[in-house]
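**Student:** quick one: sequence plus predicted model below, questions after.
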Amino acid sequence: MAAGGFCKLPNGTVVVALNLPRPAADGPGGVRVLVHAANRARALTRLRNLGLRAVYLRGNAAPPTPDEITAVLHHPDGMIWRTAPDNGVTDLTIELWHPIRALLRRPTAQA
């Protein structure tokens with residue numbers, strides 16, 4: 001997978017950040033996904049349970065920023081995403097964070 005990283009919080013939980021390719025139907029580019037969980041393995045399991053089967057965290061090249069940690073801690077699901085910038089620079093003015101279900105939402109079949 002692309003860049004990712006984690007940060008262990010003082011209470012023992014972790015925030016994992018991953019840059020993932022955007023689903024093919026949504027066009028080119030990627031997304032930055034943040035997950036708050038008890039540990040790194042649990043964070044990846046939460047993503048895999050949502051259907052993102054090929055998600056791995058290798059290294060700590062792009063850990064979450066303090067602003068990203070604050071955003072995910074204040075979200076009730078503890079899982080958020082937004083479009084990843086093309087230049088690799090994390091800038092909070094690019095886009096607001098979205099709940100993970102908005103990324104994984106499939107179009108409904110019309111009768």
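**Tutor:** Great, that's in hand.
**Student:** so what's the residue nearest the centre of the chain bridging to?
**Tutor:** Nearest residue to the geometric centre of the chain (Cα atoms, centre = their mean): Val33, 1.0 Å. Taking DSSP bridges as the rule, Val33 bridges to Leu18, Trp81.
**Student:** quick check, it in contact with Leu18.
**Tutor:** Yes: look at Val33 against Leu18 with Cβ atoms under 8 Å: they come within range, at 4.9 Å. No exception for glycine: its C-beta is placed from N, CA and C like everyone else's.
**Student:** overlap in contacts, these two.
**Tutor:** Each of Leu47 lies in contact with both Val33 and Leu18 under the rule Cβ atoms under 8 Å, 6 or more residues apart in numbering.
**Student:** quick one on the thing from earlier: so what's the residue nearest to the centre of the chain up against?
**Tutor:** Neighbours of Val33 in contact, by Cβ under 8 Å, 6+ apart: Ala17, Leu18, Asn19, Leu20, Leu47, Met79, Ile80, Trp81, Ile100, Leu103.
**Student:** pretty sure Thr83 contacts Leu20?
**Tutor:** No: counting by Cβ under 8 Å, Thr83 does not reach Leu20; the two are 11.1 Å apart.
**Student:** could I get the full set of helices for the chain?
**Tutor:** 40-49, 66-73, 100-104 (DSSP state H).
**Student:** tell me the buried residues in the helix-or-strand element of the chain with minimal mean pLDDT?
**Tutor:** Least confident helix or strand of the chain, by mean pLDDT, DSSP states H and E, is helix 100-104 with a mean of 80. Neighbour-count burial for helix 100-104 flags Ile100, Leu103 (criterion: 16 or more other Cβ atoms under 10 Å).
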